[in-house]
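K.L.:
Provided below are the primary sequence and the corresponding predicted coordinates.
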Amino acid sequence: MRSVGLAYGLWALCLVGVAGIHRFYVGKYVTGTIWLLTWGLLGIGLFIDLFLMSGMVERKNRELAAVGSWQLP
């Protein structure tokens, strides 16, 4: 399961120049790479992610729960 607090902590790395790590954490690898190369779409995407972060983490947790339920005997 993913943590919203950790996701926001990874988002905060943009303040030191590393943007997009939070997107890798929630499984959005393509947009994470784009954010990393463009500093979060010049900061606009980072600002938007500030409000969308909890939904992204919740969606990833639902995906992980669905995959885990198929593995139970």
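P.N.:
Good, I have the coordinates. Residues are numbered from 1 along each chain as shown.

K.L.:
which non-adjacent residue is nearest the residue nearest the centre of the chain?
P.N.:
Geometric centre of the chain, nearest residue: residue 23, 3.0 Å, by CA atoms, centre = their mean. Nearest non-adjacent residue to residue 23, counting by CB to CB, 6 or more residues apart in numbering: residue 32, 3.5 Å away. C-betas here are computed from N, CA, C, even on glycine.

K.L.:
run a quick neighbour tally on residue 61.
P.N.:
Counted with other CB atoms under 10 Å, the neighbours of residue 61 add up to 15.

K.L.:
then residue 32?
P.N.:
With neighbours defined by other CB under 10 Å, the count for residue 32 comes to 18.

K.L.:
residue contacts, it?
P.N.:
By CB atoms under 8 Å, 6 or more residues apart in numbering, the contact set of residue 32 is 20-24.

K.L.:
which of those are buried?
P.N.:
Among the contacts of residue 32, those classed as buried by neighbour count (16 or more other CB atoms under 10 Å) are 20-23.

K.L.:
Serialize the residues you listed to CSV and add fields for distance to residue 40 and secondary structure.
P.N.:
Formatted as CSV, the buried ones among the contacts of residue 32 follow (distance: CB to CB, whole Å; DSSP: H, G, I helix; E, B strand; the rest coil):
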residue, distance to residue 40, secondary structure
20, 6, coil
21, 10, helix
22, 10, helix
23, 9, helix
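
K.L.:
low-confidence bits of the chain, can you list those?
P.N.:
69-73 (pLDDT under 70).

K.L.:
again, only using 90
P.N.:
Segments of the chain classed as low confidence (criterion: pLDDT under 90) are 1, 14-18, 40, 64-73.

K.L.:
in it, where's the longest helix?
P.N.:
The residue-count maximum for a helix in the chain (DSSP state H) belongs to helix 44-70.

K.L.:
now for it, which elements pack on it?
P.N.:
With contacts taken as 3 or more CB pairs under 8 Å, 6 or more residues apart in numbering; DSSP states H and E, helix 44-70 sits against helix 4-11, helix 21-25, helix 29-42.

K.L.:
dump the shortest one to CSV, keeping only the CA atoms.
P.N.:
In other words, helix 21-25. The C-alpha trace of helix 21-25 is given here as CSV (Å, rounded to 0.1, in the frame of the first residue of the first chain):
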residue,chain,number,x,y,z
ILE,A,21,9.5,11.3,-8.2
HIS,A,22,6.1,11.2,-6.7
ARG,A,23,4.6,10.1,-10.0
PHE,A,24,7.0,7.1,-10.2
TYR,A,25,5.8,6.2,-6.6
